[in-house]
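Participant: Whatever this is, show me its structure:
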Amino acid sequence: HHNDVRVNFSLEFPFENDRRIEIDHNRFDGVISIPKFGGGPVLNEERSFHIHHNWLKTSYALEWTRNSAEIDHNLFDFDVNQDSGNLIASFGDEPAPGPTDLHDNLINNPGRGIFWANGPYNRFRFYNNHVRSKGENRQEGFFGFHPNTNFDTLEIRDNIIENTAANPRPLVRNDASYQATVQNNRLINISDAERFTNAATGAPQGPREPLL
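Facilitator: Got it, this is the predicted structure:
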């Protein structure tokens, strides 16, 4: 906690039995890399990693896959001219049961997208975040889920997601991903909004408290 780390790979924890690791109140110019084959153990009552209240500066911010992780109250603040990464990128193809809870974050200029996985990843929950995309060069959907994912376990809800009128972007990247639960989001200039329901519930949208 409370470190200033200005290297390409800020932290690497590619180990089997990581649990109760807390990463907070840091500035990271490079990626946090915590992948494990199949995501590693599923921890029912605790987290493998809790990543919160950090300032992350690279669009390739988190290298996955990892199960039982929570990511909240961070500022993901990416240069619009350095947008080649996905915020969460998982290169392994082994199925992972999850979960990852990504909530109450501010995400400025996600590059290629917010989540991309080369293999199935279940129980990914993205809620109460505020996303603002100002880039003019990206047309990819924000979420790239593997077609064999169990989409009944995926949630995109209660977020604010904004694009510019000059560069609208889709929410997801493939047809299968429209099976995910998309609910009660405030969507601005989302080009595929007619392909999912996004039913309003009256729940708060965006971060539920100021980000300090």
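
Participant: and the closest residue to K36 other than its chain neighbours, how many neighbours does it have?
Facilitator: Computed as CB to CB, 6 or more residues apart in numbering, the closest residue to K36 that is not its neighbour in sequence is R66, at 5.9 Å. From N, CA and C alone the C-beta is placed, and that goes for glycine too. R66 is flanked by 27 other residues according to other CB atoms under 10 Å.

Participant: same question, I190
Facilitator: The burial count for I190: 21, using other CB under 10 Å.

Participant: and the gap between the spatially closest residue to it that is not a sequence neighbour and D72?
Facilitator: Of all residues not flanking I190 in the chain, L171 sits nearest, at 5.5 Å (CB to CB, 6+ apart). Distance of L171 to D72, given as CB to CB, to the nearest Å: 21 Å.

Participant: Who has more neighbours out of these two?
Facilitator: When L171 and D72 are compared for neighbours, L171 comes out ahead with 24 against 19, by other CB under 10 Å.

Participant: Do I have it right that Q183 meets D158?
Facilitator: Yes. Contact criterion CB atoms under 8 Å: Q183 and D158 qualify, at 7.5 Å.

Participant: between those two, what contacts are shared?
Facilitator: Taking CB atoms under 8 Å, 6 or more residues apart in numbering as the contact rule, Q183 and D158 both touch T201.

Participant: Give the residue from the two that has the larger number of neighbours.
Facilitator: Shown here are Q183 and D158; by other CB under 10 Å, D158 has more neighbours (22 against 18).

Participant: which residues does that one contact?
Facilitator: For D158, counting by CB under 8 Å, 6+ apart, the contacting residues are Y127, N128, Q183, N184, N185, T201, A203, P204, Q205, G206.

Participant: try 7 Å
Facilitator: Y127, N128, N184, N185, A203, P204, Q205 (CB atoms under 7 Å, 6 or more residues apart in numbering).

Participant: which of those residues tops the neighbour count?
Facilitator: N185 (25 neighbours).

Participant: Skipping adjacent residues, who's closest to that one in space?
Facilitator: N159 (4.8 Å).
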